[in-house]
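Colleague: Dropping the sequence and predicted coords here.
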Amino acid sequence: MSQAQIASSPYPIEVVEDDEVGGLVRSLSAELPSALGNLLATIVVLATLVLGIWSLVATWTYQPQNALPLFQMSVAGTVVALNAIYARRTFSYVITLIGAILWLWVSVTPFLPFFQVVLQSVTVTIMLVGVVFSLAAVQLSKKPRF
């Protein structure tokens, strides 16, 4: 339908925002006050740095059982920290944070090898879906709302 046909149509056309963008993304795109968003992102970044350094030191001192696995901590910490920095005006990185915490928990919990692989792949998927939702929520938060 062309723009002229839409304007001359006797039937009202309802545009529902949630049809285009999911409800979860819409709810995650709410903007935080600047100071609060920066504070939360700073706390997340500092926490990932502290946990990463703790894992690195424990690995270097040949006591990796006293810390989180270095590889998982490095990957999860980098993904969460970069996502928190990018989405600091929203709290949309919460799904990524939950996925990273679950991935680290599954990494240190002894499961049968099959279940370990399945649970790690599920938690990494949750983390990556959180990144996608976060990117979409940040883009949506930059658009004007009517």
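Modeller: The structure has been received and is ready for your questions. Predicted model, so just to flag it, every value in this text is computed and none were measured. Numbering: from 1, shown residues only.
Colleague: downstream neighbour of the lowest-mean-pLDDT helix or strand in the chain in the secondary structure list?
Modeller: Every helix and strand in the chain was compared by mean pLDDT, DSSP states H and E; the lowest is helix 17-20, with a mean of 48. Downstream of helix 17-20, the first helix or strand assigned by DSSP states H and E is helix 23-28.
Colleague: Give me the contacts around that next one.
Modeller: Helix 23-28 has contacts (CB atoms under 8 Å, 6 or more residues apart in numbering) with 17-18, 90-92, 94-95, 133-134, 136-137, 140. For every residue, glycine as well, the C-beta is placed using N, CA and C.
Colleague: please redo it, this time with the cut-off set to 6 Å
Modeller: 92, 133, 136-137 (CB atoms under 6 Å, 6 or more residues apart in numbering).
Colleague: Can you tell me which of those has the most neighbours?
Modeller: Highest neighbour count within the contacts of helix 23-28: Ser92, with 29 neighbours (other CB atoms under 10 Å).
Colleague: Cool, thanks, talk later.
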